[in-house]
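**Student:** my questions concern the predicted model and sequence given below.
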Amino acid sequence: MLVKRTYTRRRAGALLGAGLAALFLSGAPRAGDAPRTHKIDIQKFKFAPAALTIKAGDSVEWTNHDIAPHTATHEEGSWDTGTLSRGESAALTFETPGTYSYFCAFHPQMTGTLTVEA
Amino acid sequence: MINKKTCAAALVAFAFSMPAVAEEPMNDLEIAHTAYTAGQIDIRYAHLALALSQNEDVRAFAATMVRDHTAVNDAAGALITELNVTPQDNGLSQALVKGAGEKVEELTGLRGKAFDCAYATNELGYHQVVNQTVEGKFIPNTTVEPLKELLTDALATFKQHEKHAENMVSSLKCS
């Protein structure tokens, strides 16, 4: 499902070293539009937008604006941003079409839905 | 259990409504001290829960309390450093610490569901009173804008904790 993860600010160094990008890299770039990066803000204990539709190959970048740390975690556990402190971002790239429900692992009442279209 | 819940709420309510505090609005440095102290107390409760509870939901809540209150207090510490000020101890902070010591002693003697319910109920009462105080007294009385912003952000977090605690009390079927 994921081709790579990119973390910004303080998390960048930790994951670049992990080689995850190379590990998950698969599939050819899609024809037509170039892949896009969509932004989701985490603010006041909500994902905004709470529902987002993207194309396969696009990335989603979550940024936490709250004091409290948050995550964006797939309900079925196949992907996770890791802990995002205030001001931190994490980007995940999605290759496999489908509808993915996710939540904050620390505050489960925070939920969102991501739809990946072919 | 109702009695314990009432006692916990009454204890905190007493601390937040002491005559000296009610009559004289606290200054910015006193508010900063008390807000920080209240956070540290909840972290202390949470560590106790992590040590004593076997309930997965209670432990998850406690871990969230440690994580979130640490983040808020870290932000407060950074602001204090930036402003180069020293928070001022006061009667309310002292009453909170005293009440927390007694509550910890009470909780330490409990195990199993008795502990979980006492912890959850105390968390609900504690957050209810703290949130009322932060919203109704601390934020309106704060004159330093960065501190007011921090308290406002923190209140959004604490209100989530209150809801979470309410759900936890309900799911534990303590009454």
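**Tutor:** That came through fine. Numbering: from 1, shown residues only, chains lettered A, B, ... in the order given.

**Student:** for residue 110, what are its contacts?
**Tutor:** By default, I'm working from chain A. A:42, A:45-47, A:70, A:103-104 (CB atoms under 8 Å, 6 or more residues apart in numbering or on different chains). No exception for glycine: its C-beta is placed from N, CA and C like everyone else's.

**Student:** chain B was what I was after
**Tutor:** B:52, B:118.

**Student:** distance of it from B:His161?
**Tutor:** 21 Å (CB to CB, to the nearest Å).

**Student:** swap in B:Gly91?
**Tutor:** Applying CB to CB to B:Gly91 and B:His161 gives a distance of 25 Å.

**Student:** quick revisit: and the contacts of A:Met110, which is closest to B:Pro140?
**Tutor:** A:Phe45 (22.9 Å; CB to CB).

**Student:** surely A:Thr81 meets A:Trp62?
**Tutor:** Yes: the criterion here is CB atoms under 8 Å, and A:Thr81 meets it with A:Trp62 at 5.5 Å.

**Student:** and the residue minimising distance to the centre of chain A, which of the three is it?
**Tutor:** Central residue of chain A (CA atoms, centre = their mean): A:Leu92, 3.9 Å from the mean position. Classification of A:Leu92 using DSSP: H, G, I helix; E, B strand; the rest coil returns strand.

**Student:** isn't it right up against A:Thr81?
**Tutor:** Yes: judged on CB under 8 Å, A:Leu92 makes contact with A:Thr81 at a distance of 6.7 Å.

**Student:** hang on, the earlier thing: who has more neighbours out of B:Gly91 and B:His161?
**Tutor:** Under the criterion of other CB atoms under 10 Å in any protein chain shown, the comparison of B:Gly91 against B:His161 puts B:His161 first, with 23 against 16.

**Student:** which helix or strand contains the more buried one?
**Tutor:** B:His161 is part of helix B:145-172, with elements assigned from DSSP states H and E.

**Student:** and that helix, what's buried?
**Tutor:** B:147-148, B:150-151, B:153-155, B:157-162, B:164-165, B:167-169, B:172 (16 or more other CB atoms under 10 Å in any protein chain shown).

**Student:** and for residue 88, the neighbour number?
**Tutor:** Using chain A here. A:Glu88 has 21 nearby residues by other CB under 10 Å.

**Student:** chain B is the one I meant
**Tutor:** The burial count for B:Gln88: 15, using other CB under 10 Å.

**Student:** report the contact partners of the residue lying closest to it once chain neighbours are set aside.
**Tutor:** Residue nearest to B:Gln88 in three dimensions, not counting chain neighbours: B:Leu29, with 3.9 Å by CB to CB, 6 or more residues apart in numbering or on different chains. B:Leu29 is in contact with B:85-88, counting by CB under 8 Å, 6+ apart.

**Student:** dump the contacts of A:Met110 into JSON lines; add pLDDT as well.
**Tutor:** Formatted as JSON lines, the contacts of A:Met110 follow (pLDDT from 0 to 100):
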{"residue": "A:Ile42", "pLDDT": "98"}
{"residue": "A:Phe45", "pLDDT": "96"}
{"residue": "A:Lys46", "pLDDT": "97"}
{"residue": "A:Phe47", "pLDDT": "98"}
{"residue": "A:His70", "pLDDT": "98"}
{"residue": "A:Phe103", "pLDDT": "98"}
{"residue": "A:Cys104", "pLDDT": "97"}
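
**Student:** neighbour count, distance to A:Glu117 and secondary structure added to those, as TSV?
**Tutor:** Output for the contacts of A:Met110, formatted as TSV (neighbours: other CB atoms under 10 Å in any protein chain shown; distance: CB to CB, whole Å; DSSP: H, G, I helix; E, B strand; the rest coil):
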residue	neighbour count	distance to A:Glu117	secondary structure
A:Ile42	27	23	strand
A:Phe45	17	28	coil
A:Lys46	16	24	strand
A:Phe47	22	19	strand
A:His70	28	26	strand
A:Phe103	18	22	strand
A:Cys104	26	25	coil
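
**Student:** pull the number of nearby residues for whichever residue of chain A sits closest to chain B.
**Tutor:** Going by CB to the nearest CB, chain B is nearest to A:Ala68 of chain A, at 4.4 Å. The number of residues packed near A:Ala68 is 26, by other CB under 10 Å.

**Student:** related to what we said a few turns ago, which one (most neighbours) among the contacts of B:Leu29?
**Tutor:** B:Pro87 (19 neighbours).

**Student:** look up the closest residue to B:Ile31, ignoring the ones flanking it.
**Tutor:** Using CB to CB, 6+ apart, the closest residue to B:Ile31 is B:Phe138 (4.9 Å).

**Student:** lovely, talk soon.
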